[in-house]
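Chemist: missing the sequence, but the structure's below:
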DNA sequence: TCAAAAATGTGATTTACATCACTATAAATT
DNA sequence: AATTTATAGTGATGTAAATCACATTTTTGA
């Protein structure tokens, strides 16, 4: 069976065995336990992670220390703080593990190298970036036009697994409602 | 004086005179009057626009016909419906002119050609896409963590010009509040 | 395995904002 | 210049959701 990362990349571009080996050689595996961080506020993020196993939350703390969920990510999703990673400035967010996790990560330098040496991978990430932008656009639209109940139903429809794996209060935060309100929406 | 589009591109990559001429040869100018559309729901968007003069709104109509502003754009900003343009699927949004406008546009085919023939420009757009994504992330954060009043103040601080050029009810829609509420926030 | 911590549900109360209704300006359009 | 149309301000009222408070259940880690 093909490597899962290869399958993932080949959804967008085709790779020979040699090419994939070359790509993979730029990644390193890393495991983290539940509650461990992969990104913390204040640090310049040096790595982009591809999740092989587990589930993470990326979030922001406001002045009162209240947590606002930016997004979740799980198996076969990419995650990092793109603002920090792309601009190489200190991060304003945290990303931590909601379960024991396994990642493949690529460093900033290796990603630079890989895209320079292998134009296909530049195209891969360019497309990922475009798709990411479109997904964010949709979320903004949803925040503007849908009620809390509608956003809840849409999320439940799109990612039912999330509701099994992630505490409801985090889903509430992602949707932009209080946990009490979310609890009442469910019924 | 350098062409304004050149100045704009050179904020990210450097170009020789010949290179810029080559880039520019892939663009066409077009003028539109106030209230004219550059993107309409249902059409597959074939062009990306760079605004040389004027101001536009991109928006979505919900089932009740209520308008939700996705974004504004003005001089030296890029605008199109990226979902439709990138995926070449029918658009769900409208973009129309709030003033008489002048654009330089590049067709989907020419952008493809230009990025294929000139790697620098691929990098330019890749970077633009990354920055666009980061900006959207910030807006989501603002919708989650800031009150209507805070979002109003932030927008006023960041784009004071907008409040001179754009009807308040559109700004209200962009912020996700009713025009009555926006009116009361101002004081 | 057992205490502590985290997550969840639900009532009571408060609040920010939407909606409705009407008036007053301002700006297009003929 | 005159008439229509769009924009803007403001009071009254309604409502969705936040907040507060507390009980119950589940999870977790020592």
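Modeler: Thanks, I have it. What you are looking at is a predicted structure, and each value in this text was computed from that prediction instead of being measured. Numbers count the residues shown, from 1 in each chain, chains lettered A, B, ... in the order given.

Chemist: Report the buried residues of stretch A:172-181.
Modeler: Applying a neighbour-count criterion of 16 or more other CB atoms under 10 Å in any protein chain shown, the buried positions in stretch A:172-181 are A:172-177. C-beta: built from backbone N, CA, C; applies to glycine.

Chemist: same thing with stretch A:48-58?
Modeler: Along stretch A:48-58, the positions that meet the burial threshold by neighbour count (16+ other CB under 10 Å) are A:48-52, A:54-58.

Chemist: Tell me the residues on chain A that lie near DNA strand C, please.
Modeler: Those residues of chain A that sit near DNA strand C, judged by CB under 7 Å from any atom of the strand, are A:167-169, A:179-180, A:183-184, A:186-187.

Chemist: Quick check, residue A:146 in contact with residue A:154.
Modeler: Yes: proximity of residue A:146 to residue A:154 meets the contact threshold set by CB atoms under 8 Å, at 6.8 Å.

Chemist: which one is residue A:62 nearest to, not counting chain neighbours?
Modeler: If you skip the residues right next to it in sequence, residue A:62 has residue B:145 as its closest partner in space, 5.1 Å away by CB to CB, 6 or more residues apart in numbering or on different chains.

Chemist: What is the burial count for the one you found?
Modeler: When neighbours are counted by other CB atoms under 10 Å in any protein chain shown, residue B:145 registers 19.

Chemist: now swap in residue A:33 and tell me
Modeler: Other residues near residue A:33 number 10, with proximity taken as other CB under 10 Å.

Chemist: Which secondary structure element of chain A has the lowest mean pLDDT?
Modeler: Taking mean pLDDT, DSSP states H and E as the measure, the helices and strands of chain A show their lowest mean at helix A:148-158, namely a mean of 88.

Chemist: Downstream of that helix, the next helix or strand is which one?
Modeler: The element immediately downstream of helix A:148-158 (helix or strand, assigned by DSSP states H and E) is helix A:160-165.

Chemist: circling back to that earlier point, the least confident helix or strand of chain A and DNA strand D in contact?
Modeler: Yes: judged by CB under 7 Å from any atom of the strand, helix A:148-158 comes into contact with DNA strand D at A:148-149.

Chemist: now that helix: how far from the chain's centre is it?
Modeler: Distance, stretch centre to chain centre, for helix A:148-158: 19 Å (CA atoms, centre = their mean, to the nearest Å).

Chemist: Please apply the same query to stretch A:27-36.
Modeler: Counting by CA atoms, centre = their mean, stretch A:27-36 is centred 14 Å from the centre of its parent chain.

Chemist: Buried residues in that stretch, which are they?
Modeler: By neighbour count, and taking 16+ other CB under 10 Å as the criterion, the buried residues in stretch A:27-36 are A:27, A:32.

Chemist: who in chain A is up against DNA strand D?
Modeler: Chain A comes close to DNA strand D at residues A:34-35, A:147-149, A:176-178, A:180-181, as judged by CB under 7 Å from any atom of the strand.

Chemist: And the residue nearest the centre of chain A?
Modeler: The geometric centre of chain A, computed from its C-alpha atoms, lies nearest to residue A:79 (CA atoms, centre = their mean), at 3.2 Å.

Chemist: Go through the residues of chain A next to DNA strand D and name the one nearest residue B:132.
Modeler: Of all the residues of chain A next to DNA strand D, the one with the least separation from residue B:132 (CB to CB) is residue A:176, at 21.9 Å.

Chemist: Indicate whether the least confident helix or strand of chain A makes contact with chain B.
Modeler: No: judged by CB under 8 Å from any CB of the partner chain, helix A:148-158 makes no contact with chain B; its nearest approach is 10.6 Å.

Chemist: Give me the buried positions along that helix.
Modeler: A:148, A:151-152, A:155.

Chemist: Relative to residue B:5, which of the buried residues of stretch A:172-181 is nearest.
Modeler: Taking CB to CB as the measure, residue B:5 lies nearest residue A:176 of those, at 38.3 Å.

Chemist: and the closest one, backbone torsions?
Modeler: The main-chain torsion angles of residue A:176 are listed as degrees, to the nearest 10 and equal phi 80, psi 30.

Chemist: Which residues of chain A lie near chain B?
Modeler: Contact residues, chain A versus chain B (CB under 8 Å from any CB): A:60, A:62, A:66, A:68, A:70, A:82-83, A:86-87, A:119, A:122, A:125-126, A:129-134, A:136-141, A:143-145, A:173, A:176.

Chemist: Helices along chain A, start to end?
Modeler: Listed from the start of the chain, chain A has helices (DSSP state H) covering A:4-9, A:17-24, A:82-87, A:108-117, A:119-145, A:148-158, A:160-165, A:168-175, A:179-186.

Chemist: can you list the ones you listed in JSON lines and add distance to residue B:14?
Modeler: Conversion of the helices of chain A to JSON lines gives the following (distance: least, CB to CB, whole Å):
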{"stretch": "helix A:4-9", "distance to residue B:14": "31"}
{"stretch": "helix A:17-24", "distance to residue B:14": "29"}
{"stretch": "helix A:82-87", "distance to residue B:14": "19"}
{"stretch": "helix A:108-117", "distance to residue B:14": "17"}
{"stretch": "helix A:119-145", "distance to residue B:14": "19"}
{"stretch": "helix A:148-158", "distance to residue B:14": "43"}
{"stretch": "helix A:160-165", "distance to residue B:14": "45"}
{"stretch": "helix A:168-175", "distance to residue B:14": "41"}
{"stretch": "helix A:179-186", "distance to residue B:14": "51"}
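
Chemist: picking that back up, go through the buried residues of stretch A:172-181 and name the one nearest chain B.
Modeler: For chain B, the closest of the buried residues of stretch A:172-181 turns out to be residue A:176, at 4.9 Å, with distances computed as CB to the nearest CB.

Chemist: give the contact list for the closest one.
Modeler: A:143, A:148, A:151, B:143-144 (CB atoms under 8 Å, 6 or more residues apart in numbering or on different chains).
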